[in-house]
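Chemist: missing the sequence, but the structure's below:
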Ligand code: ADP
């Protein structure tokens with residue numbers, strides 16, 4: 001039995017003729033302290049998969065287990081970080097983190113709470129911004145505050161839903177390094193959703209592609225055996241990194257092409273019954289004494305003189 005398991009889970013939304021089957025028969029086993037990245041195209045069902053893991057939605061079939069226990073609802077054992085920061089704008093960075101910590105550790109004294117929050121804000125290099133409101137922070141700082149909040153709740157599993165996709169390339173690289181450093185120091189299990197193959201190869205132990213929806217499911221995993229720590233500058237010339245990036249990208253492109261071919265072969269268009277009209281017979285240049293003919297009238301079967 002693995003630590004975190006998705007067992008034959010299927011999820012759909014809507015009912016009857018308005019129903020979309022988003023995920024079908026998804027199975028995934030994640031070991032304790034493993035870093036798994038799930039890559040997929042937009043709309044494939046990645047966020048649905050993370051919501052499922054977080055207990056925010058229930059599978060129609062199958063189940064999700066952590067340490068053998070079925071996940072029925074959100075639990076402090078699973079911490080989720082979204083791409084849109086989701087910080088409360090009227091609270092300072094400190095207060096945002098403290099609010100979350102109080103939910104999980106209500107027994108903390110004021111002093112313990114302060115020490116705990118400050119420790120996690122220092123971990124993501126946000127000590128100088130402790131009293132700032134989210135609006136006063138850059139996108140990267142907001143995402144670091146969001147990361148500190150998730151980490152400070154000390155979940156066993158971190159669920160990262162495209163946490164870096166809204167950031168510019170340089171900030172993204174800094175936070176990727178921060179997540180890897182924290183994961184290495186403070187071993188946790190991570191499931192990260194991303195649409196960036198390079199990011200997945202740089203960070204994860206294993207990459208699992210999500211096929212295109214509807215009825216998306218997980219494809220065969222690509223293990224990443226590159227030694228750690230991984231240096232992004234050296235990786236670009238690393239043969240194994242390039243092989244993996246190529247194999248995964250090719251796999252994803254093929255998925256996309258298969259899905260396109262599938263949808264094209266399924267296009268059924270009901271055409272109306274049409275009668276050919278002989279335009280050459282239309283008197284476009286009225287001869288002397290001939291009536292001018294309205295084209296609309298001529299083409300209307302009721303008024304047309306072309307039979
Ligand atoms: P991704 O994260 O890969 O972009 P999502 O998981 O957000 O994809 O969505 C996958 C599909 O499920 C989309 O077609 C989306 O419209 C649909 N979907 C997601 N959530 C809901 C919902 N609550 N109700 C109806 N459809 C939904």
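Modeler: Perfect, thanks for sending it. Keep in mind the model is a prediction, meaning the values are calculated, not measured.

Chemist: gap between stretch 4-20 and the chain center?
Modeler: Between the mean C-alpha location of stretch 4-20 and the chain-wide mean there is a distance of 17 Å, by CA atoms, centre = their mean, to the nearest Å.

Chemist: Near the ligand, which residues of the stretch 201-307 of the chain? Just list them.
Modeler: Contact residues (CB under 6 Å from any ligand atom) of the stretch 201-307 of the chain with the ligand: residue 213. Heads up, the C-betas are built off the backbone N, CA and C, glycines and all.

Chemist: Name the SS class of residue 117, please.
Modeler: Reduced to three states with DSSP: H, G, I helix; E, B strand; the rest coil, the structure at residue 117 is helix.

Chemist: quick one: average pLDDT of the longest helix that the chain contains?
Modeler: Of all the elements of type helix in the chain, the one with the most residues (DSSP state H) is helix 239-265. Along helix 239-265, the predicted confidence averages to a pLDDT of 88.

Chemist: Run through the neighbouring helices and strands of that helix.
Modeler: Applying 3 or more CB pairs under 8 Å, 6 or more residues apart in numbering; DSSP states H and E, we find helix 239-265 packed against helix 197-203, strand 206-209, strand 222-223.

Chemist: Mind putting these into a markdown table with mean pLDDT and mean neighbour count?
Modeler: Shown next, in a markdown table, are the helices and strands packed on helix 239-265 (pLDDT from 0 to 100; neighbours: other CB atoms under 10 Å):
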| stretch | mean pLDDT | mean neighbour count |
| --- | --- | --- |
| helix 197-203 | 95 | 22 |
| strand 206-209 | 97 | 22 |
| strand 222-223 | 97 | 16 |
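
Chemist: Pull the contacting residues for the residue nearest to residue 221 when sequence neighbours are not counted.
Modeler: When the adjacent residues along the chain are set aside, residue 221 lies closest to residue 208, with 4.7 Å between them (CB to CB, 6 or more residues apart in numbering). Residue 208 makes contact with 28, 36, 37, 38, 39, 218, 219, 221, 222 under the criterion CB atoms under 8 Å, 6 or more residues apart in numbering.

Chemist: Just the ones of those residues in helices?
Modeler: Among the contacts of residue 208, DSSP H puts none in helices.

Chemist: Angles on the backbone of the residue of the stretch 201-307 of the chain found nearest the ligand, please.
Modeler: Using CB to the nearest ligand atom, the closest approach of the stretch 201-307 of the chain to the ligand is made by residue 213 at 5.7 Å. According to degrees, to the nearest 10, the main-chain angles of residue 213 amount to phi -90, psi 180.

Chemist: Could you do residue 105 as well?
Modeler: The phi/psi pair for residue 105 (degrees, to the nearest 10) reads phi -120, psi 70.

Chemist: how many other residues sit next to it?
Modeler: Burial measure for residue 105: 15 neighbouring residues, criterion other CB atoms under 10 Å.

Chemist: Same check on residue 224?
Modeler: Burial of residue 224, expressed as a neighbour count using other CB under 10 Å, amounts to 21.

Chemist: to the chain's geometric centre, what's the distance from stretch 147-166?
Modeler: Its chain's C-alpha centre and that of stretch 147-166 lie 14 Å apart, by CA atoms, centre = their mean.

Chemist: hmm, that stretch touching the ligand?
Modeler: No: against the ligand, stretch 147-166 shows no contacts by CB under 6 Å from any ligand atom, the least distance being 7.5 Å.

Chemist: Now that stretch: buried residues?
Modeler: When burial is assessed from 16 or more other CB atoms under 10 Å, stretch 147-166 yields the following buried residues: 147-166.

Chemist: In strands, which of the residues you listed fall?
Modeler: Restricting these to those inside strands, with DSSP state E as the criterion, leaves 157, 158, 159, 160, 161.

Chemist: Now do the same contact list for the last one.
Modeler: So that's residue 161. Listed by CB under 8 Å, 6+ apart, the contact partners of residue 161 are 46, 47, 50, 80, 81, 82, 83, 193.

Chemist: Of these, which are in range of the ligand?
Modeler: Judged by CB under 6 Å from any ligand atom, the overlap between those and the neighbourhood of the ligand comprises 46, 47.

Chemist: and the contacts of residue 161 as JSON lines, adding pLDDT, secondary structure and neighbour count?
Modeler: Putting the contacts of residue 161 into JSON lines (pLDDT from 0 to 100; DSSP: H, G, I helix; E, B strand; the rest coil; neighbours: other CB atoms under 10 Å) gives the following:
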{"residue": "46", "pLDDT": "92", "secondary structure": "helix", "neighbour count": "22"}
{"residue": "47", "pLDDT": "91", "secondary structure": "helix", "neighbour count": "18"}
{"residue": "50", "pLDDT": "94", "secondary structure": "helix", "neighbour count": "23"}
{"residue": "80", "pLDDT": "92", "secondary structure": "strand", "neighbour count": "22"}
{"residue": "81", "pLDDT": "89", "secondary structure": "strand", "neighbour count": "23"}
{"residue": "82", "pLDDT": "84", "secondary structure": "coil", "neighbour count": "17"}
{"residue": "83", "pLDDT": "79", "secondary structure": "coil", "neighbour count": "18"}
{"residue": "193", "pLDDT": "95", "secondary structure": "strand", "neighbour count": "24"}
